[in-house]
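Engineer: Below are the sequence and a predicted model; questions follow.
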Amino acid sequence: MNPRVRFAPSPTGPLHIGGVRTALYNYLFAKKNNGTFLLRIEDTDQTRFVEGAEAYIIEAFQWLGIPFDEGVGIGGEYGPYRQSERKAMYKPYAEQLVRDGWAYYAFDTPEELDAKRKEAESQKKTFQYDAHTRMGMVNSLTLPAEEVAARLASGNPYVVRFKYPADTDIHVQDLIRGEVVINSNLLDDKVLYKSDGMPTYHLANIVDDHTMKITHVIRGEEWLPSAPLHVMLYKAFGWEAPQFAHLPLLLKPDGNGKLSKRDGDRLGFPVFPLQWKDPKSGETSSGYRESGYLPDAVVNMLALLGWNPGNDQELMSMEELVNYFSIDKISKAGAKFSLDKAKWFNHEYILQKSADELYPYFEPILKEKGVTADPAYVKTVIDLIKDRLNFIPDFWEQACYFFVAPTEYDPQAIKKRWKENMPTYLRAVLDILKGIQPFDKQQAHDAVMAYIQDNELNMGQVLNSLRLAIVGAARGPELFTMIELIGVDEVVKRTERAIEVIGDIHG
RNA sequence: GGCGAGUUCGUCUAGUUGGCCCAGGACGUCAGGUUUUCAUCCUGAAGAUCAGGAGUUCGAAUCUCCUACUCGCUACCA
């Protein structure tokens, strides 16, 4: 049977990068095994719903190039894929569990439970709604049947809680961690069905995974503690459980905690794929896309945070990732996000791309700077400077002088290169350049070198001063290639201006 | 507090059936080289007594036990 996997986020805000990795692993697993990858939106908590979050999630995966086969926004034969739209189907399942003795109605109010917890806390104990305490609570186990029926009929708010069998070892088989065993006595009777008529994650998750024929549940490690509940639920329903794989967490670069939104802001890298503006607070969080990361670089980097292909290869296309992917190469320990490594990945991907592929990324930058330039010219520039870019926005800093004349000159470079009589020498060089009609790079190079040699000048100083005049700093590609691209007329203008600004230095 | 999971260079990791590992690769760092400059690129170096301890064994990063630390969960949130 071909596997069916899902990514099931809650639309409570922007998609965290850890969630992106979870989705990616699901996707890779599905593609590798000719399976199906679907998107389910788990919006059972109405109080945490955030406007725009679902659209954000879909857009993020579009940008990343991780397509779903089924689900919200696509459709499919197991829909609807939004839990809020499946609301009606959960209640019968909850009632079935009650009928079968796997669950019970509980009428305790949140306030009462809160009081219990506080009371226990004051005695340095913890209150848990479980096999030891449930007979002392207000529920269908302790109330007479008629009263339960009456309460239900009168609309008395209730929840449905799972009733763990006493003292039973529950075995969870995990594809990454092996067998995890826990005794039911330690577990609390989780709420499956809330008083607002919505299922909790646990119920909805199991019902949906089953009805959507999910074969493998690949999710974050934070779900491991509730996995025993889930296997018990499958057992209670008499359903075959899917295979579980609990992924290691993505950690913050410093310290050990889970990577959070604040860490990104604090350490200067995005935690979200796309920029996100919180509709309530108006607060904006940066995204990989807006920070100038390439989507395939992000995917590649994320894939390697907690998994490896079993060889030394690190740069992999999506196709290669799919090809190499295997759950048993996923590591157990959490991985710290590294900005340096992310930077390197992005750099490598920029290098890999052709000027044609890169052009659409840079075109908006030029537009923003008010530059109009021939695309062919821009692409030539891209080829010339792309090996010095880490992120898309670096483009302007590294290539601006191909489009606009410098207005300032790096003082350090002036000090080092711009020596006595430089205006005279530069004007002589300009004359040589002007004399070559039509301009020829090699010819210009040879002629200028000859001039320098004949007059016993310092090559580094003359050439770098010319570079300084053209670029405004001591950097950039090969000098004569730049002159050819920018044009002799412009070079003359820039050099005259540099001479005017910097002047002659004596002594 | 309870329960669970994890622990190899600063970071990501290789190491899955104990010997070829006094632990390999990558990022980062440092030093050279290439370059008229910067970047790229190339070469090299430093960097983990495999969390600690005890045991099993001729032999352990790899098996067992104990300890420590870190993280996760402990809601009518997912």
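Structural biologist: Received it, and whenever you're ready, just let me know what you need. Residues are numbered from 1 along each chain as shown, chains lettered A, B, ... in the order given.

Engineer: residue boundaries of the strands in the stretch 201-350 of chain A?
Structural biologist: With DSSP state E, counting those that start in this stretch, the ranges of strands along the stretch 201-350 of chain A come out as A:216-220, A:243-247, A:250-251, A:276-277, A:284-285, A:335-336.

Engineer: quick one, which of those strands is nearest to RNA strand B?
Structural biologist: strand A:335-336 (3.4 Å; CB to the nearest atom of the strand). To be clear about C-beta, it is placed using only N, CA and C from the backbone, and glycine gets the same treatment.

Engineer: Now do the same contact list for A:G18.
Structural biologist: The contact partners of A:G18, by CB atoms under 8 Å, 6 or more residues apart in numbering, come to A:G220, A:L249, A:L250, A:K258, A:L259.

Engineer: Can you report how many residues neighbour the residue lying closest to A:I350 once chain neighbours are set aside?
Structural biologist: Closest residue to A:I350 apart from its sequence neighbours, by CB to CB, 6 or more residues apart in numbering: A:L389 at 5.1 Å. Neighbour count for A:L389, taken as other CB atoms under 10 Å: 22.

Engineer: can you redo the strands of the stretch 201-350 of chain A as a markdown table with mean neighbour count, distance to RNA strand B and mean pLDDT?
Structural biologist: Shown next, in a markdown table, are those (neighbours: other CB atoms under 10 Å; distance: least, CB to the nearest atom of the strand, whole Å; pLDDT from 0 to 100):
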| stretch | mean neighbour count | distance to RNA strand B | mean pLDDT |
| --- | --- | --- | --- |
| strand A:216-220 | 22 | 8 | 97 |
| strand A:243-247 | 21 | 8 | 96 |
| strand A:250-251 | 22 | 6 | 90 |
| strand A:276-277 | 18 | 17 | 94 |
| strand A:284-285 | 16 | 18 | 92 |
| strand A:335-336 | 18 | 3 | 92 |
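
Engineer: would TSV of those strands with distance to A:N205 be doable?
Structural biologist: What follows is the strands of the stretch 201-350 of chain A, written out as TSV (distance: least, CB to CB, whole Å):
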stretch	distance to A:N205
strand A:216-220	8
strand A:243-247	12
strand A:250-251	22
strand A:276-277	25
strand A:284-285	27
strand A:335-336	25
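
Engineer: looking at those strands, which is closest to A:P393?
Structural biologist: A:P393 lies closest, by CB to CB, to one member of these: strand A:284-285, at 16.6 Å.

Engineer: how far is that closest one from where the chain is centred?
Structural biologist: Distance of strand A:284-285 from its chain centroid, counting by CA atoms, centre = their mean, to the nearest Å, is 14 Å.

Engineer: Now do the contacts for whichever residue of chain A sits closest to RNA strand B.
Structural biologist: Per CB to the nearest atom of the strand, A:L463 is where chain A lies closest to RNA strand B, at 2.7 Å. The neighbours of A:L463, taking CB under 8 Å, 6+ apart as the test, are A:V448, A:I452, A:L479.

Engineer: switch to 6 Å and redo it
Structural biologist: Counting by CB atoms under 6 Å, 6 or more residues apart in numbering, A:L463 touches A:L479.

Engineer: which SS class is A:R494?
Structural biologist: helix (DSSP: H, G, I helix; E, B strand; the rest coil).

Engineer: Now do the same contact list for it.
Structural biologist: Applying CB under 6 Å, 6+ apart to A:R494 gives the contacts A:A405, A:A469, A:I470.

Engineer: tell me which element the second one falls in.
Structural biologist: When you say that, I think you mean A:A469. Secondary structure from DSSP states H and E places A:A469 in helix A:459-471.

Engineer: tell me the angle of the helix or strand following that helix relative to helix A:459-471?
Structural biologist: The first helix or strand that comes after helix A:459-471 along the chain, using DSSP H and E, is helix A:479-486. Between helix A:479-486 and helix A:459-471, the angle comes out at 20 degrees (axes from the mean of the first three to the mean of the last three CA atoms, to 10 degrees).

Engineer: For helix A:479-486, which outside residues touch it?
Structural biologist: By CB under 6 Å, 6+ apart, helix A:479-486 touches A:K441, A:A444, A:H445, A:L463, A:R467, A:V491.

Engineer: How much space separates the residue nearest to the third one when sequence neighbours are not counted from A:V488?
Structural biologist: Translated: A:H445. Among residues not flanking A:H445 along the chain, A:F480 sits closest, at 4.7 Å (CB to CB, 6+ apart). Distance of A:F480 to A:V488, computed by CB to CB, to the nearest Å: 11 Å.

Engineer: Distance-wise, check the residue of chain A closest to RNA strand B relative to A:I385.
Structural biologist: Separation of A:L463 from A:I385 (CB to CB): 19 Å.

Engineer: do A:Q123 as well
Structural biologist: For A:Q123, the distance to A:I385 - CB to CB - is 69 Å.

Engineer: more crowded one of these two?
Structural biologist: Set A:Q123 next to A:I385 and count neighbours by other CB under 10 Å: A:I385 wins out with 18 against 8.
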